[in-house]
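Engineer: kindly generate the corresponding structure for this input.
(chains A and B)
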There are 2 protein chains.
Amino acid sequence: MTNDASIDNSGLRTHRTTLTRKPERGAHDFETIARILDEGILCHIGFVAEAQPYVVPTAYGRDGRVLYVHGSAASRALRALSGGVPMCLTVTLLDGLVLARSVFHHSMNYRSVMVLGMAQEAHGDEKLRALQTITEHLAPGRWADARPPAAQELKATTVLRLPIDEASAKVRAGGPIDDEEDLSLPIWAGVLPLALVPRAPVPDARLDAGVALPAYVRGYRRP
Amino acid sequence: MTNDASIDNSGLRTHRTTLTRKPERGAHDFETIARILDEGILCHIGFVAEAQPYVVPTAYGRDGRVLYVHGSAASRALRALSGGVPMCLTVTLLDGLVLARSVFHHSMNYRSVMVLGMAQEAHGDEKLRALQTITEHLAPGRWADARPPAAQELKATTVLRLPIDEASAKVRAGGPIDDEEDLSLPIWAGVLPLALVPRAPVPDARLDAGVALPAYVRGYRRP
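Structural biologist: Coordinates of the predicted model:
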């Protein structure tokens, strides 16, 4: 019933990214990892400052085997991370609630990716390309329309690169897995699928009436 | 235009949870924090093991000023955290994409909460109540229907409690904030709202045909 991803040990796997429990839910092949990263809209980055871990939501983008995140040069997270400290970048897609007959077997269907590594600051051409990658990740087609960053805007922005060198995916799909003896209980069991969907676009109050809604906003969907 | 939450310094604020940038987006009042925690379905927990931060998605529940997370007693995350190490629990609700005229002012509308602290293992009555809290958080009404945990299931589960003592909320809402000189550019600007919505429930393949779909699944919505 459970449609777990298979393991493909392709170099992204280390003892730190190997699932110690339910290894059948783990995947280390780049295709699975890339697909989840591309569908996600925001990530959570984890870093340590003064022995305290922080988990902060932020935008990101993927260019091949490199992830980019950006933020104000003044941000605490970006300043901590640009010093070359270990980080974790996690993307989670929530696909549904799994309601089993027993409390114990309740679960969620989800797909998540965890990438470990040291971030490095991106500069020059790479920095501009990274901002394009992050903008296109948010809304494919947007980069060509929007006003490009000015020199002082680039200066006020820090971009970090994180190579996808050590990573894992975890996938839980399918229905509940109840114990055999619970199957005849008169308790509803199944999955309530969840989806992140766009609603009607809200134009800016000061938008010129003659500016049309772009197709990539009207027909917005994740890859 | 931006409907930022106001700051209410009520004791949950420390230098570690005070926003160093855009403090107008920060909130430390318990009501704002509780509302975001209650609407979220999954959280990301951050912890450090061998100098490496990890960020892992998991279910949670709130009982007053205490958060609970649970997992297999064998899980790496739960074992690391039950040793009494600093953790961070973050919940993020993604509300929309903010498309500004300039690349620089692109953003997302979101509401997030970050809770810092040391987790402690919950035992006995508290442990059972915590599992009720987590189950009810997932699907309110579910605890009364599902088969309660058996003794060996309780034993195989670790529950951690994290008091909401040091926490902050961050809220970004409203339209893009473009520079005045960009307002006349012929570029569409506005917000694409996003919502996490339930789809049609999928009954378990082995569900007895006589078992009705509960109202809390049919009419599922977050508080």
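Engineer: ok, A:Leu162 touching A:Met114?
Structural biologist: No. The pair A:Leu162 and A:Met114 does not pass the contact test of CB atoms under 8 Å, sitting 11.6 Å apart. Where you see a C-beta, it was placed from the backbone N, CA and C, and this is true even at glycine.
Engineer: now the phi/psi pair for A:Arg147, please.
Structural biologist: As for A:Arg147, its main-chain torsions (degrees, to the nearest 10) stand at phi -70, psi 130.
Engineer: using the three-state scheme, assign A:Pro140.
Structural biologist: Under the three-state scheme (DSSP: H, G, I helix; E, B strand; the rest coil), A:Pro140 adopts coil.
Engineer: now do it, the pLDDT please.
Structural biologist: pLDDT for A:Pro140: 97.
Engineer: got the phi and psi for it?
Structural biologist: phi -60, psi 130.
Engineer: skip the chain neighbours and tell me the closest residue to it.
Structural biologist: A:Tyr216 (6.0 Å; CB to CB, 6 or more residues apart in numbering or on different chains).
Engineer: quick one: pLDDT of the one you found?
Structural biologist: 97.
Engineer: neighbours around it, how many?
Structural biologist: Neighbourhood size, A:Tyr216 [other CB atoms under 10 Å in any protein chain shown]: 18.
Engineer: contacting residues around it?
Structural biologist: A:139-142 (CB atoms under 8 Å, 6 or more residues apart in numbering or on different chains).
Engineer: which element is it on?
Structural biologist: In this structure, A:Tyr216 sits in helix A:215-218 according to DSSP states H and E.
Engineer: for that helix, buried residues please.
Structural biologist: For helix A:215-218, a neighbour-count test (16 or more other CB atoms under 10 Å in any protein chain shown) marks A:216-217 as buried.
Engineer: using PDB, write out the CA atom coordinates for that helix.
Structural biologist: Taking Å, rounded to 0.1, in the frame of the first residue of the first chain, the C-alpha atoms of helix A:215-218 are listed here in PDB:
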ATOM      1  CA  ALA A 215       0.000  34.000 -18.000                       C
ATOM      2  CA  TYR A 216       2.500  32.600 -15.500                       C
ATOM      3  CA  VAL A 217       0.400  34.200 -12.700                       C
ATOM      4  CA  ARG A 218      -3.000  33.300 -14.100                       C
END
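Engineer: before we move on, back to that, any shared contact partners between A:Leu162 and A:Met114?
Structural biologist: Common neighbours of A:Leu162 and A:Met114, counting by CB under 8 Å, 6+ apart, are A:Leu89.
Engineer: which of the contacts of A:Tyr216 count as buried?
Structural biologist: Buried subset of those (neighbour count, 16+ other CB under 10 Å): A:139, A:142.
Engineer: which stretches of chain A form helices?
Structural biologist: Assigned by DSSP state H, chain A shows helices spanning A:30-39, A:76-82, A:124-138, A:142-145, A:151-155, A:215-218.
Engineer: how about those helices, which one is nearest A:Ala167?
Structural biologist: helix A:30-39 (5.4 Å; CB to CB).
Engineer: please identify the buried residues of that closest one?
Structural biologist: A:30, A:32-37.
Engineer: need the contact partners of it.
Structural biologist: A:5, A:8, A:10, A:12, A:27, A:60, A:62, A:65, A:67, A:91, A:93, A:111-113, A:137, A:164, A:167-169, A:171, A:222-223.
Engineer: return only those of the residues you listed found close to chain B.
Structural biologist: Among these, the residues that sit close to chain B (CB under 8 Å from any CB of the partner chain) are A:Ser112.
Engineer: residue farthest from the centroid of chain A?
Structural biologist: A:Ser184 (38.7 Å; CA atoms, centre = their mean).
Engineer: name the nearest residue to it, sequence neighbours excluded.
Structural biologist: Using CB to CB, 6+ apart, the nearest residue to A:Ser184 is B:Asp208, at 7.0 Å.
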